[in-house]
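Student: Coordinates for the following, if possible.
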Amino acid sequence: MLTNSRGSDSPSWRYVFAANAIVAIYSLLEVAASAWEVLKSATIFPEVLQVWFDFGHDQIFAYLLLSAGSAATALVKTLKDRDTCRSFSAFCLQSDIAIALGFLGFLFLGFTTLLSGYRVVCFVINGSRFHL
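Tutor: Numbers count the residues shown, from 1 in each chain. All right, here's what the predicted structure looks like:
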């Protein structure tokens, strides 16, 4: 799987990078959509579509981020077993911090999934995504 001792050519690194980039872009688009909603007092999509869109995508991208963190953890463990930490000590610390931040990002996306789920339930019960 790894082609050199540093692991820079591993497909896992590309997957981790791509997954994190996709989640970052999605998060920026959601911030823009929320700003649009506040400024225009309307959602981008019809309300029924918007609540399910947000809920579904929050779940998908949370799981994508979790799987990327798991792949990164396995790759870093493999690299640490090859004595990479002795020659590149900063690599180990930076890798551990990056993985921890990835899992922290997953927790935040998990929290937004709970909020999106609450909005879906409110919409199903009241016909509006707000509980009032």
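Student: these two touch, right, residue 91 and residue 80?
Tutor: No - look at residue 91 against residue 80 with Cβ atoms under 8 Å: they stay out of range, at 9.2 Å. C-beta coordinates here come from the backbone N, C-alpha and C atoms, glycine included.
Student: In terms of helices and strands, where is the closest residue to residue 110 other than its chain neighbours?
Tutor: Spatial nearest neighbour of residue 110, chain neighbours left out: residue 62 (5.4 Å); criterion: Cβ to Cβ, 6 or more residues apart in numbering. Assigned by DSSP states H and E, residue 62 belongs to helix 47-81.
Student: And for residue 92?
Tutor: helix 89-126.
Student: Show me what counts as buried in that helix.
Tutor: Across helix 89-126, burial judged by 16 or more other Cβ atoms under 10 Å covers 91, 95, 99, 102-103, 105-106, 109, 112-113, 116, 119-120, 122-123.
Student: what does stretch 72-91 give?
Tutor: 72-73, 75-76, 79, 84-85, 91.
Student: Helix, strand or coil: sort out residue 129 for me.
Tutor: coil (DSSP: H, G, I helix; E, B strand; the rest coil).
Student: Do I have it right that it meets residue 123?
Tutor: Yes - counting by Cβ under 8 Å, residue 123 is a contact partner of residue 129 at 4.7 Å.
Student: any common contacting residues for those two?
Tutor: Common neighbours of residue 129 and residue 123 (criterion: Cβ atoms under 8 Å, 6 or more residues apart in numbering): 47, 51.
Student: Take the lowest-mean-pLDDT helix or strand in the chain, keep the C-alpha atoms, and write them as PDB.
Tutor: Here the helix or strand of the chain ranked lowest by mean pLDDT, DSSP states H and E is helix 84-87, holding a mean of 71. Taking Å, rounded to 0.1, in the frame of the first residue of the first chain, the C-alpha atoms of helix 84-87 are listed here in PDB:
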ATOM      1  CA  THR A  84       9.100   7.500  11.000                       C
ATOM      2  CA  CYS A  85       8.800   9.300  14.300                       C
ATOM      3  CA  ARG A  86      12.500   8.900  15.000                       C
ATOM      4  CA  SER A  87      13.600  10.700  11.900                       C
END
